[in-house]
Structures are given as structure tokens and as C-alpha cells.
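> take this sequence and fold it.
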Amino acid sequence: MATGAMPSLVTVFGGTGYLGRRVVRAFAAADCRVRVAARHPEPWPFADLGERVEAVVADVRDAGSIAAAIGDAGGVVNAVGLYTERGEETFDAVHVDGAGRVAAAARVAGARLVHLSGIGADTGSASKYVRARARGEARVRATAPDAAILRPSVLFGHDDAFLGALAGLVRALPVIPLFGDGRRQLQPVHVDDLAAAIVKILDLDDAAAPLYELGGARAYAYRDLLALIATRLGRKRLFLPVPFIVWNLLAAVMSALPSPPLSRDQIELMRHDNRPSPDLPGFAELDITPRALDTEFERLTQAGI
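Numbers count the residues shown, from 1 in each chain. Down below sits the predicted model:
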């Protein structure tokens, strides 16, 4: 695998988000200048990186701000994510139309594009979020055929929204409700491994694969993952299988709240395994050895998950 084609300037949309911050730092560590494109770049998390990182206000719903944010960049990363719809911020607006605008502007600028999606993207899904992710992939592929599309599994790392939430459940509840029988498989990927993959793809001198699915070193059943967390935290917990019909009823009731803690889209995601396909390229093709969650757990616990 030949390398050496790293752009001197990369624009990262969603660069102040959980993944985006790691992507920005990974490119800066690779001696790239990085332009962070975000609707709200303050508070600025990159003061320690000095002039290697600059900020620009941009919204994936506005074509003009997208074009200005890309400018003379040789690489573009779209790491914008929306997980709950609010008013005009809809899944279609961000993951379909917004993704298409970024792809179109990258193509016009002659910049290489890496588009972030997710494992399980499917236009036939019962989840509106998952359908939008799949339609966004199709829009990107039709607009910028040379773009690399990455589908990671659920992310974990310091200060994440996944492992931290599960650890919170284990600490708070003596009996932990499971989604169905709790046997759905997850293959969590460390956020820094995903950031490294994005950098590697833009550093490839030869043609990058069009679609990657990325998971960590180990897969876990949801129930086993909770049991692992409980053991590492020194807690004894009981696990209660809860049918999906009950979860959907709870989500329907919670939908009336201003900020529902649970949505039908989140429940639908737990109906299916979240593991990379063995038929698609992944970390191995990028010469990256991903970390397993259990080997990182002690360090993450010390960091305060």
C-alpha cells in the first residue's frame, strides 16, 4: 500500500464533535494544516495546536458556507452526525442533503472526500436514522464517485457517550434491563483507531477502496459487555430481558419529553448486530491493528468513565 499523497490542508466538517476532535488532532500530528468547519466552533478545543488548526463557521445545510470552508483544501472529511431530530435539524437535512452538498463542493474543489456513515446503513430499515444514513451514502456516491465511505461500529474512548452511559447504568441500577435477550453483537471501535484510519485513507497514494466497515478487535454480546463492565467496576448485577415491544412503548411515552432519553431509532439499532462485514475491507487493509474494549477498560476507568 503506497502512501505519500497526504493533502497539505484538510477541512473537517463536524471537527468539534466527539469523533471530529480526534480526527483534527490526528491530521495535525501528521503535519497537516486543518480547517475545522462547524456551526459553533466555540469553545475552541485546539488552542494547544496553534496555527496548524483554524476555524471557519459552516453549516452542511448551506452550500455557500460549505464551499468557503473547503476552499483550497486537498482533503475533506465529513464527520457531521445527528442522532436526534430537532425542528429543521432532521436526519434527511443533515445525513442526506447535507452529505450531498459536501460531496458536491469537494468534487468541484478537486478535493478527496472521506464520508462517515455507520454499520447497518440500509434504505429498508425501520429506523429513520438508519435509512437516512443509507440514502446519504447513495447521494455521496452519485455525486463524488471517488469518495471513501467509512462505516464504523459504535465508538468508545475517553469521555464517550457509549461506554460512559453503560458504566453509569451499572453503577446506578441493581437490575439492568436488556434489549430483548441481550444477545445482539457489538464490535466497538476505539475513536482514535477510527481517526487513524481516516488519516491513512487520505494518505494513500493508490486508489482507496470505496467502502470500509470498521470494528474493534473483539465482538461482544450486549449482555456480555454489561457483565464485563460490572465485573471491572466490582459490581454484582442482575440482568432482565425486556421485549422490544415494551421498549417501543416506553419510547412512545418518552417522545413527549423535550429531550427524550430513548428513541425508537435507538431501539431499532439494538435489534441488529453491529459488526463489520467480513466481505468488506476494514482495518487490516489499512495496516491498522484496532484495540479491544476489554484491554482499554482499565485505562478508561482511571480516566473517569
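
> which parts of this protein are strands?
9-13, 33-38, 53-57, 75-78, 112-116, 148-152, 155-156, 175-179, 185-186, 189-190, 211-214, 220-221, 238-242 (DSSP state E).

> how about the CA coordinates for the fourth one, as PDB?
It refers to strand 75-78. Listed next in PDB are the C-alpha coordinates belonging to strand 75-78 (Å, rounded to 0.1, in the frame of the first residue of the first chain):
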ATOM      1  CA  GLY A  75      -8.900  16.700   1.500                       C
ATOM      2  CA  VAL A  76     -12.300  16.800   3.100                       C
ATOM      3  CA  VAL A  77     -13.800  14.800   6.000                       C
ATOM      4  CA  ASN A  78     -17.500  14.800   6.700                       C
END
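
> need the next SSE after it, C-terminal direction.
helix 91 (DSSP states H and E).

> from the rest of the structure, what touches that following helix?
82, 85, 128-129, 131-133 (Cβ atoms under 8 Å, 6 or more residues apart in numbering). For every residue, glycine as well, the C-beta is placed using N, CA and C.

> what mean pLDDT does it have?
Mean per-residue pLDDT for helix 91: 96.

> chain center to that helix, what's the gap?
With Cα atoms, centre = their mean, to the nearest Å as the basis, helix 91 stands 15 Å off its chain's centre.

> likewise stretch 29-46?
Distance, centroid of stretch 29-46 to centroid of chain: 17 Å (Cα atoms, centre = their mean).

> what are the buried residues along it?
32-39, 41, 45-46 (16 or more other Cβ atoms under 10 Å).

> can you put the strands of the chain in JSON lines and add mean pLDDT and distance to Ser259?
Output for the strands of the chain, formatted as JSON lines (pLDDT from 0 to 100; distance: least, Cβ to Cβ, whole Å):
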{"stretch": "strand 9-13", "mean pLDDT": "98", "distance to Ser259": "24"}
{"stretch": "strand 33-38", "mean pLDDT": "97", "distance to Ser259": "21"}
{"stretch": "strand 53-57", "mean pLDDT": "96", "distance to Ser259": "25"}
{"stretch": "strand 75-78", "mean pLDDT": "98", "distance to Ser259": "26"}
{"stretch": "strand 112-116", "mean pLDDT": "97", "distance to Ser259": "24"}
{"stretch": "strand 148-152", "mean pLDDT": "97", "distance to Ser259": "25"}
{"stretch": "strand 155-156", "mean pLDDT": "94", "distance to Ser259": "21"}
{"stretch": "strand 175-179", "mean pLDDT": "95", "distance to Ser259": "20"}
{"stretch": "strand 185-186", "mean pLDDT": "96", "distance to Ser259": "25"}
{"stretch": "strand 189-190", "mean pLDDT": "96", "distance to Ser259": "27"}
{"stretch": "strand 211-214", "mean pLDDT": "97", "distance to Ser259": "30"}
{"stretch": "strand 220-221", "mean pLDDT": "96", "distance to Ser259": "28"}
{"stretch": "strand 238-242", "mean pLDDT": "97", "distance to Ser259": "22"}
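
> possible to save those as JSON lines with distance to Ser65?
Shown next, in JSON lines, are the strands of the chain (distance: least, Cβ to Cβ, whole Å):
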{"stretch": "strand 9-13", "distance to Ser65": "10"}
{"stretch": "strand 33-38", "distance to Ser65": "8"}
{"stretch": "strand 53-57", "distance to Ser65": "7"}
{"stretch": "strand 75-78", "distance to Ser65": "14"}
{"stretch": "strand 112-116", "distance to Ser65": "17"}
{"stretch": "strand 148-152", "distance to Ser65": "23"}
{"stretch": "strand 155-156", "distance to Ser65": "27"}
{"stretch": "strand 175-179", "distance to Ser65": "39"}
{"stretch": "strand 185-186", "distance to Ser65": "36"}
{"stretch": "strand 189-190", "distance to Ser65": "30"}
{"stretch": "strand 211-214", "distance to Ser65": "28"}
{"stretch": "strand 220-221", "distance to Ser65": "40"}
{"stretch": "strand 238-242", "distance to Ser65": "44"}
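
> okay, now the unreliable bits of this structure?
Residues of the chain that meet the criterion pLDDT under 70 lie in 1-4, 205-209, 299-305.

> tell me who's in contact with Leu49.
Neighbouring residues of Leu49 by Cβ under 8 Å, 6+ apart: 24-25, 28, 34.

> run the last query once more with 6 Å
Ala28 (Cβ atoms under 6 Å, 6 or more residues apart in numbering).

> any idea how far it is from Arg183?
Distance of Leu49 to Arg183, computed by Cβ to Cβ, to the nearest Å: 43 Å.

> what's the answer for Phe283, then?
From Phe283 to Arg183 the distance is 25 Å (Cβ to Cβ).
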